[in-house]
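**Student:** the following block contains a protein sequence and its predicted model.
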Amino acid sequence: MQTLSRVTPGTVISAIQIAQAIRENVLVRWKQNVPEDFKDAKTLFLADRGGMIYEPKIGLHENVVEIDFTSLYPAIMVRHNISPETVLCKCCADSKHRAPIIDYHICERRIGLIPRVLEPLINRRREYKKRVKDKDKEYNDHREIYEARKKALKWILVTCFGYMGYRNARFGRIECHEVINTYGRELLLNTARIAEDLGYEVLHGIVDSLWVKSSSNSNNHEKLCEKIFEQSGISVELEGIYKWIVFLPKRSDPTGALNRYYGLFENGEMKIRGLELRRSDTPPLIRDAQMDMLKVMARANDAAELQGRIPEVIEVVRGYADMIAKGECDLKDLVFTSVVSKDSEYYHQLNNNLACMLQLKNEGLKVRPGEQVKYIITDAESKRYNRKVKAWQLVKGNVRLLYDKKKYLAYLVRAAGNILAPFGYTERKLTEIIKPGRQLTLINSIQERSYQLSPFLRPE
Ligand SMILES: [Zn+2]
């Protein structure tokens, strides 16, 4: 297990597979890849359609359930006997067992290596899951361990799917990946249909997740899972039930964006995708501003309460705007972090990265491609490298540095607008609201700022 903590999931899976193969006297391939069999264009098209299945219904919703399909892929592999040597096997071209749409046949004579590896892992995970939920006193002392093991197994199992598609996976094969995809997609579409029959509305669907909204407050979720199991033989997992969730539009046009949303689960955790605060290059100030906005929102138990809290969220934005405008920001909160993609000679025009690199070069510090630069924006409009930004490494002690207030305000407005757009607060409207001279009423939330993501965020 110690070795496991230091290697990638792919290596773990490979190791488990090799161990199983050796135990069973299966010949392990030394070279890692089997070339893809020739595929015509239609097969490729059918197997590789885009990730979006149901375009999101933008805006605020409540009584929403998210169903996670990635955790189902291992079960699909076991149920449908998906393995490199069983998909398009040489022995049963007439097999009745065929993948939907792409029509690849699957072996009927033997059970593949992958299902043999996965089945015991799935069973063990199910047992841990049962013990975590079980009220039995016998398990009280170990529940945390079971929870951790359950999570570790999920991580290993989920990796298996992605791993099937990798070119250098020792046991992977692209056709397996395709077969799993088509089964997964079929399951997702069936699930959507079952959900609609039970009175749910489908809000958003991507390749491995589905969000459905219950039309009433009555809780049908158990029944939904039962029905899916009845029809597919696979037990689905709820990623969670949301008190409310907000699907966000694309930045370029008003249609829904793939995988951009934030929502509050019933257990108080938040799930956030596609916002600045999740990006490592975002300055702490902007991250904190979004986090503080979301903290206010997280106190809302339903959609109506959330609507009611929007003025308070606006006050948070104003508080930050005021701090930026007065020049009161802590310099370290303004630092952008960016990865350099090429040597300074190869840049055609001056941007923040180049300006920072040139300043460092003057001090004899070389930045190589792939390395990070850190800087504060001092005059975004400037064409001079020593004015545009200030390299963070060169900021000494308690020096007074004038940052570009206008630019940081623009970043704040943009970040706030990304959260608030579905509530009618566009960037333009926010810019108007935060103009200096407007009365400030509430800025206490700024005191609670922290430099880490708060514990209420659901980890990856
Ligand atoms: Zn066969």
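**Tutor:** It's in.
**Student:** counting neighbours, what do you get for L157?
**Tutor:** L157 has 22 neighbours, counted by other C-beta atoms under 10 Å. To be clear about C-beta, it is placed using only N, CA and C from the backbone, and glycine gets the same treatment.
**Student:** what of K361?
**Tutor:** 14.
**Student:** that one: helix or strand, and which one exactly?
**Tutor:** Secondary-structure element containing K361, defined by DSSP states H and E: helix 352-362.
**Student:** what does whichever helix or strand comes after that helix contact?
**Tutor:** Taking DSSP H and E as the definition, the helix or strand that follows helix 352-362 towards the C-terminus is strand 372-377. By C-beta atoms under 8 Å, 6 or more residues apart in numbering, the list of residues contacting strand 372-377 from outside reads 331, 334-340, 352-353, 355-357, 360, 367, 388-393, 395, 401, 403-404, 407-408.
**Student:** report the angle between the axes of strand 372-377 and helix 352-362?
**Tutor:** Angle between the axes of strand 372-377 and helix 352-362 is 100 degrees (criterion: axes from the mean of the first three to the mean of the last three C-alpha atoms, to 10 degrees).
**Student:** partners of strand 372-377, with directions?
**Tutor:** If you go by DSSP bridges, strand 372-377 pairs up with strand 336-339 (antiparallel), strand 389-391 (antiparallel).
**Student:** buried stuff in that strand?
**Tutor:** Of the residues in strand 372-377, V373, K374, Y375, I376, I377 count as buried by neighbour count, 16 or more other C-beta atoms under 10 Å.
**Student:** show me what the fourth one is bridged to.
**Tutor:** Spelled out, it's I376. With DSSP bridges applied, I376 shows beta-bridge pairing to K390.
**Student:** run through the bridge partners of V65.
**Tutor:** In this structure, V65 bridges to V212, I241 when assessed by DSSP bridges.
**Student:** I'd say it and I245 touch.
**Tutor:** No - between V65 and I245 there is no contact under C-beta atoms under 8 Å: 9.9 Å.
**Student:** neighbour-wise, which of those two wins?
**Tutor:** Per other C-beta under 10 Å, whichever of V65 and I245 has more neighbours is I245, with 27 against 23.
**Student:** that one falls within a strand, correct?
**Tutor:** Yes - secondary structure assignment (DSSP: H, G, I helix; E, B strand; the rest coil) places I245 inside a strand.
**Student:** what residues are bridge-paired with it?
**Tutor:** When bridges are taken as DSSP bridges, the partners of I245 come out as H61, G263.
**Student:** and it, what does it touch?
**Tutor:** L60, H61, E62, V64, L203, W211, Y261, Y262, G263, L264.
**Student:** what do you get for E66?
**Tutor:** Applying C-beta under 8 Å, 6+ apart, we find E66 in contact with S209, L210, W211, L238, E239, G240, I241, Y242, K271.
**Student:** give me the nearest residue to it, chain neighbours excluded.
**Tutor:** Distances taken as C-beta to C-beta, 6 or more residues apart in numbering put E239 closest to E66, at 4.1 Å, once the chain neighbours are dropped.
**Student:** follow-up on the earlier one: in the contacts of I245, find the pair that's most separated.
**Tutor:** Maximum pairwise distance in the contacts of I245, criterion C-beta to C-beta, is 15.3 Å, between L203 and L264.
**Student:** kindly report the residues of the protein close to the ion.
**Tutor:** When proximity is defined by C-beta under 5 Å from the ion, the chain lies next to the ion at C89, C91, C92, C107, R109.
**Student:** residue contacts, the fourth one?
**Tutor:** Think C107. Residues counted as contacts of C107 (C-beta under 8 Å, 6+ apart) are N81, E85, T86, V87, C89, C91, C92, S95, H97.
**Student:** okay if I get those as CSV plus pLDDT?
**Tutor:** Shown next, in CSV, are the contacts of C107 (pLDDT from 0 to 100):
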residue, pLDDT
N81, 94
E85, 88
T86, 93
V87, 92
C89, 92
C91, 93
C92, 93
S95, 92
H97, 92
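**Student:** quick one on the thing from earlier: make a markdown table from the strands paired with strand 372-377 and add mean neighbour count and distance to A300 to it.
**Tutor:** Below are the strands paired with strand 372-377 laid out as a markdown table (neighbours: other C-beta atoms under 10 Å; distance: least, C-beta to C-beta, whole Å):
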| stretch | mean neighbour count | distance to A300 |
| --- | --- | --- |
| strand 336-339 | 15 | 32 |
| strand 389-391 | 25 | 39 |
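**Student:** just the buried ones from the contacts of C107, in ChimeraX syntax?
**Tutor:** Command for ChimeraX, covering only those of those found buried under the criterion 16+ other C-beta under 10 Å:
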select :81,85,86,87,89,92,95
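**Student:** ok, back up a step: joint contacts of V65 and I245?
**Tutor:** Once C-beta under 8 Å, 6+ apart is applied, the residues that V65 and I245 both contact turn out to be W211.
**Student:** picking up where we left off before, now intersect the residues of the chain next to the ion with the helices, please.
**Tutor:** Using DSSP state H, no member of those falls in helices.
**Student:** which residue is the nearest non-sequential neighbour of the spatially most central residue of the chain?
**Tutor:** For the chain, the residue whose C-alpha lies nearest the mean C-alpha position (C-alpha atoms, centre = their mean) is R273; its distance is 5.7 Å. Spatial nearest neighbour of R273, chain neighbours left out: N259 (5.1 Å); criterion: C-beta to C-beta, 6+ apart.
**Student:** got a list of contacts for the helix or strand hosting the one you found?
**Tutor:** For N259, the host element (DSSP H and E) is strand 256-265. With C-beta under 8 Å, 6+ apart as the contact definition, strand 256-265 has outside contacts at 51-52, 55-58, 64, 204, 206, 240-251, 270-275, 294, 297-298, 300, 419, 458.
**Student:** for the helix or strand following it, packing partners?
**Tutor:** Beyond strand 256-265 on the C-terminal side, the first helix or strand identified by DSSP H and E is strand 270-273. If contacts are counted by 3 or more C-beta pairs under 8 Å, 6 or more residues apart in numbering; DSSP states H and E, strand 270-273 sits against strand 256-265.
**Student:** which positions within the strand it packs on qualify as buried?
**Tutor:** Along strand 256-265, these residues count as buried under the neighbour rule (16+ other C-beta under 10 Å): G256, A257, L258, R260, Y261, Y262, G263, L264, F265.
**Student:** R387 falls within a helix, correct?
**Tutor:** Yes - R387 sits within a helix when classified using three-state DSSP.
**Student:** read off the pLDDT value for it.
**Tutor:** pLDDT for R387: 93.
**Student:** just to revisit the earlier point, which among the contacts of E66 end up buried?
**Tutor:** For those, burial is judged from neighbour counts taken by 16+ other C-beta under 10 Å, and it is met by S209, L210, W211, E239, G240, I241, Y242, K271.
**Student:** what segments of this protein are helices?
**Tutor:** In the chain, the segments counted as helices under DSSP H are 9-23, 41-47, 73-79, 113-133, 143-165, 174-197, 221-232, 284-297, 303-325, 352-362, 385-388, 405-420, 427-433.
**Student:** avg pLDDT for the second one?
**Tutor:** In other words, helix 41-47. Confidence over helix 41-47 (mean pLDDT, whole number) is 42.
**Student:** who's in contact with the residue of the stretch 201-350 of the chain found nearest the ion?
**Tutor:** Nearest residue of the stretch 201-350 of the chain to the ion (C-beta to the ion) works out as G233 at 21.5 Å. Taking C-beta under 8 Å, 6+ apart as the contact definition, G233 lies against R79.
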